[in-house]
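Peer 1: sequence first, predicted model second:
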Amino acid sequence: MKIWAHRGCSQMYPENTLLAFGKAAEIKGLTGIELDIQLTKDGHLVVCHDERVDRTTDGIGEIRQYTLAELKRLRIDAGDGKYEQIPTMEEVLELLEDKLKEEFMLNIELKNSILPYEGMEEKIINLVHRYGVQNRVIYSSFSALSLEFIKKIEPNAETGILDTKVSDCLYKLKGGCGADALHPYWRGIDLPKERIADYTVRAWFAGHLYPENPTGNLLDLEMLEQKGITDVFLNEPERYL
């Protein structure tokens, strides 16, 4: 089972921050980090799961309504009177560049299924190439059209199609998006293992995000593997490695 840090070490540290990513990069045996990208009003790629800043910062409103300078004035509570900011994708790549040039991987989810950010695909591919880590990146999205477009821009790009059920992921893949992997919700494995045995199946998890509701009990990774899951995106990878 390959283990990824979901939005960084998001159980113990604020999700999708340089702090959470830095802590994840220190974990021996971790496959990589998963994160989410959005576009600002002035066209900058920033890392945040929600289309709005309300849940994770002290601000209100959609990311696309903010310039980068305005976003940088928002604070993310990191506890003990300390604060983080919404990072740019450049800042993340600078932080992880050395790790990515070793064995580390980065799963970049394009958050474009609700708000179709125009030009996001070209921007992230160009940026990844600028840092020379294109062979260490996987692009994922709920939007099959977005992944299809990525493949047109960069045929060798590795992609993963997201959905709740693995059957819907497979349907999108066979429908023409050309994804290399299936990225279902872990409870959405609704096909027998034999049907998905030829695919990488990276399962994502919801809930128990920082700082509420620690999970307490560990997942049975062997049981997940028996269902055909090959990778897991976990909020607390440090507990499993």
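Peer 2: Received it, and whenever you're ready, just let me know what you need. Numbers count the residues shown, from 1 in each chain.
Peer 1: longest strand of this protein?
Peer 2: strand 32-39 (DSSP state E).
Peer 1: the closest residue to Arg7 other than its chain neighbours: how many residues sit nearby?
Peer 2: Counting by CB to CB, 6 or more residues apart in numbering, Arg7 lies nearest to Glu15, which is 3.8 Å off, once chain neighbours are set aside. (C-beta placed from N, C-alpha, C; glycine too.) Glu15 has 26 neighbours, counted by other CB atoms under 10 Å.
Peer 1: likewise for the one 5 residues further on?
Peer 2: When neighbours are counted by other CB under 10 Å, Ala20 registers 29.
Peer 1: which SS state does it fall under?
Peer 2: helix (DSSP: H, G, I helix; E, B strand; the rest coil).
Peer 1: picking that back up, hmm, who's touching the longest strand of the chain?
Peer 2: For strand 32-39, the external contacting residues (CB atoms under 8 Å, 6 or more residues apart in numbering) are 4-8, 16, 21, 24-25, 45-49, 51, 63-64, 89, 92, 96, 104-111, 115, 117, 119-120, 123-124, 136, 204, 233.
Peer 1: now swap in stretch 189-201 and tell me
Peer 2: Residues outside stretch 189-201 that contact it (CB under 8 Å, 6+ apart) are 160, 165-167, 170, 173, 180-184, 203, 226-231.
Peer 1: list the buried ones in that stretch?
Peer 2: Within stretch 189-201, the residues scored as buried using 16 or more other CB atoms under 10 Å are 189, 191, 196, 199-201.
Peer 1: can you give me the helices in the chain?
Peer 2: Secondary structure of the chain by DSSP state H: the helices cover 18-25, 68-71, 89-100, 120-130, 144-153, 166-172, 193-196, 221-226.
Peer 1: what about Cys48, neighbour count?
Peer 2: Cys48 - counted by other CB under 10 Å - has 25 other residues nearby.
Peer 1: actually Lys23, not the one I wrote
Peer 2: Counted with other CB under 10 Å, Lys23 comes out at 18.
Peer 1: what's the answer for Glu51, then?
Peer 2: Neighbours of Glu51 under the rule other CB under 10 Å: 17.
Peer 1: now do stretch 13-20, average pLDDT.
Peer 2: Here stretch 13-20 scores 97 as its mean pLDDT.
Peer 1: now do the strands in this protein.
Peer 2: 2-6, 32-39, 45-47, 76-79, 82-84, 105-110, 137-141, 158-163, 181-184, 200-204, 231-234.
Peer 1: got those strands as JSON lines, with mean pLDDT and distance to Leu218 columns?
Peer 2: Listed next are the strands of the chain as JSON lines, based on pLDDT from 0 to 100; distance: least, CB to CB, whole Å:
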{"stretch": "strand 2-6", "mean pLDDT": "97", "distance to Leu218": "12"}
{"stretch": "strand 32-39", "mean pLDDT": "98", "distance to Leu218": "19"}
{"stretch": "strand 45-47", "mean pLDDT": "98", "distance to Leu218": "27"}
{"stretch": "strand 76-79", "mean pLDDT": "96", "distance to Leu218": "24"}
{"stretch": "strand 82-84", "mean pLDDT": "98", "distance to Leu218": "27"}
{"stretch": "strand 105-110", "mean pLDDT": "98", "distance to Leu218": "22"}
{"stretch": "strand 137-141", "mean pLDDT": "98", "distance to Leu218": "25"}
{"stretch": "strand 158-163", "mean pLDDT": "98", "distance to Leu218": "25"}
{"stretch": "strand 181-184", "mean pLDDT": "98", "distance to Leu218": "21"}
{"stretch": "strand 200-204", "mean pLDDT": "97", "distance to Leu218": "15"}
{"stretch": "strand 231-234", "mean pLDDT": "96", "distance to Leu218": "10"}
